[in-house]
Each structure stands twice: as C-alpha cells, then as structure tokens.
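Student: quick one: sequence and predicted model below, then my questions.
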Amino acid sequence: MNLHFTMITVNMKHLLTSAFILLTSVTIQAHSWRINNQIQLNADFIDINAAMNSENVMEGDTLYLDPGTGLTGSQSVTKQVTIIGCGYFRADAPHDIASILESFSIKAPYTKVVGVSLIGEVNIDASNVTLERCKANSVIKVNAQHVNIRQCYGIEVTGKGATNLSSAYCTIENCILIKTTAYGVVSGLYFATIKNCYLKQTYNDSNLIYSCVFRSCQNCTVINSIYLNEPRPSQIWHSSTTELNQNNISSADEGNTEASIFTLNGADDRRFQLKEDSPAKGAATDGGDCGPFGGQYPYVIGGLPAGHPYYTKAVISPRSENDKVRVSLQIKMQNE
C-alpha cells in the first residue's frame, strides 16, 4: 500500500525515521510503547528498565524497540510484556536492527521477546517465557520451567542441571545453535523437547566432556533435528539420556557433514538451507524436512517478526509548500 501525508520540513534522515515510526504507531494496539535511546527521536522510554519502572506500563503491554536502537547497560524485564525488535541480520532486515548490548534478564512469567539482537548473556528466570526469532551472541541461561526458545540463532542454551526441575520442560525448536567453545551446545536441561533444530559443536578436544553436542541433559526428547560435531563427529552425548531420539540427522552417522546436508550458499543463516539431495529432506516424522526450516515453525531468515511493517521505497517532493513537504511511502508487511 502507499501512504501519503504531510509534515514540517526536517532533516532527511530524521524525516524517514519519523515516517516509519508514525506508520508503526497506527498499526499497534493500545498500551504499546516505543523504546529508543536516541533522545532526539522522542520515544516513550530510553530503555527497557525505564519502561519497567513506569507506572504507566502495565502487564500485557507491548514494547517496540525502534530500528537502530542499541540499549546499553543491563536490561531487566519485571512485568509481563511483549518486546518486539526488527530482526537481526542487517542484510535481510529492511531497516536497522534493534539490539540489547549488555546482559538481559527476564523475570516476569509469560513474557515474549521477538526479533531482538541480544549481545550479552541472557538469563531466563521466569516460567512460560518465549524467546522467538532472536539472535543470541552469548549463552542463554534457563532457570525456569516451560521456556520456549523458537526460531532463534545463537550459541548455546544451558540449564541448572541434569535433574534440576528449575530448568525442566523447556522446548527448543527450529533454532540454529553453533558453539565454538567447550562443553555442550545444549546442556543442563531436564525433560526438554528439542525439535527441528540444527546444533553444531566446533570446539576441538578429544575429551568428551569438553567437545560434545548434548551435555548433562536427562529424559529429553530430540526429534527431527540435525546435530553435528565438526571436529569429533561421533562425540554427540555426554552424561545425557533421551526418552525419544527419533528421525535425527547426526554426524555420528557416516557421511553426514555440513557439506552433504546444507547448501552453504550465502552468509549467516542462509547457509543452512537444505540441499536438494540432503539426507534431511523428507526425513522428519511427518514426512517433511528435518532441521530448522521444517516442522510447525519454520526458521525465518534474518528473524523478521511476523506482522512487522516496513517501507521499501520513500519518495519526497523536491520542494516544500507552506514549509511542508509531501512524502510517499511504499509499505510492505512481514507476514511469515
């Protein structure tokens, strides 16, 4: 659709940013708030902490992180809200990403975080939290039950221990997790469900405890996933048990490598789309594909949040009339 409106002439960069913000504001529900730490853009709050400290922000509200927002200092969610960013790989996002640059803690149950780039450590200390279409540059630490980590790109997920109910009944689905340091890609979870994921360990050590995919995970279900230990193909499990280990593609099986499974074309998450002759094609329990692009919640390139509006073209009139200019925006809606 095209949207036409007029506004007072301002700096071109600020004009386009303001136009995007105006469009976003008309598509969201009541009790929604903008967050941006660039003071000149006049958002509702400068960071998540300020929103949590405000008596105006209520349980069930939505916090939108403006494009280009980079929140400094540790951020903590203490009210049940939904936080929505802009996706995480700049090549695939139609606008600047939104990032939390330091540690991030979720302490309110039923909180949902979507489309945010998380640079520091993530601590999930409340149950029934959903982390969706986020990029985690550091460890995701789970100290709660029924946590859902879905369609995320990251390094590792770890809980409190193999028999610890404080990190039990979690679901990791349609994620890409690639670890370059010691210990497991997924560790310390109890009664977890891991499905349609790609898990890769790249740390090279002959000691199984240091170089494995699953470590200290008990009574877990692993299904329709791909898991590879690049330097030590057969080192998958350490002190881990599964209730169900079904229809998975593993480096422990001869011939399964990244090159045999994925296209490896493009950058970042694009590399992990399946080749036409991949052994993961049609190998899932439902006849679909194993790995992050199969299943009920196929992985979304770049982590773009569903229903997020963005402009693909902006035309600004070359001259002003009565100190106002005419702006035409071509808008698309992310609906995946």
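Tutor: Arrived safely.
Student: count of neighbours near residue 79?
Tutor: 18 (other C-beta atoms under 10 Å). The C-beta positions use only the backbone N, C-alpha and C, and glycine is treated the same way.
Student: gap between the closest residue to residue 159 other than its chain neighbours and residue 158?
Tutor: Spatial nearest neighbour of residue 159, excluding adjacent residues (C-beta to C-beta, 6 or more residues apart in numbering): residue 167 at 2.8 Å. Residue 167 is 8 Å from residue 158, where distance means C-beta to C-beta, to the nearest Å.
Student: looking at the two, which one has more neighbours?
Tutor: Each of residue 167 and residue 158 has its neighbours counted (other C-beta under 10 Å); residue 167 has more, 25 against 21.
Student: same question for stretch 132-147: list its buried residues.
Tutor: 132-145, 147 (16 or more other C-beta atoms under 10 Å).
Student: hang on, the earlier thing: which neighbours do residue 167 and residue 158 have in common?
Tutor: Common neighbours of residue 167 and residue 158, using C-beta atoms under 8 Å, 6 or more residues apart in numbering, are 142, 188, 189.
Student: specify which member of the residues you listed is nearest to residue 217.
Tutor: residue 189 (5.0 Å; C-beta to C-beta).
Student: contacting residues for the closest one?
Tutor: By C-beta under 8 Å, 6+ apart, the neighbours of residue 189 are 142, 157, 158, 159, 162, 167, 168, 170, 217, 218, 220.
Student: so residue 109 touches residue 128, yeah?
Tutor: Yes. Assessed by C-beta atoms under 8 Å, residue 109 is found in contact with residue 128 at 5.0 Å.
Student: joint contacts of these two?
Tutor: Shared contacts of residue 109 and residue 128 (C-beta under 8 Å, 6+ apart): residue 144.
Student: so how far is stretch 143-150 from its chain's centroid?
Tutor: Its chain's average C-alpha position is 14 Å from that of stretch 143-150, according to C-alpha atoms, centre = their mean, to the nearest Å.
Student: low pLDDT regions in the stretch 201-336 of the chain?
Tutor: 307-316, 328-336 (pLDDT under 70).
Student: and stretch 60-68, how far out from the chain's middle?
Tutor: Distance, stretch centre to chain centre, for stretch 60-68: 15 Å (C-alpha atoms, centre = their mean).
Student: pLDDT (mean, whole number) over it?
Tutor: The predicted model assigns stretch 60-68 a mean pLDDT of 94.
Student: do you know how far the nearest residue to residue 218 once chain neighbours are set aside is from residue 188?
Tutor: Distances taken as C-beta to C-beta, 6+ apart put residue 162 closest to residue 218, at 4.2 Å, once the chain neighbours are dropped. Applying C-beta to C-beta, the value for residue 162 to residue 188 is 6 Å.
Student: okay, and the common contacts of the two?
Tutor: In contact with both residue 162 and residue 188: 216, 217, using C-beta under 8 Å, 6+ apart.
Student: okay, those two: which has more neighbours?
Tutor: Taking other C-beta under 10 Å, residue 162 and residue 188 do not tie; residue 188 has more neighbours (24 against 19).
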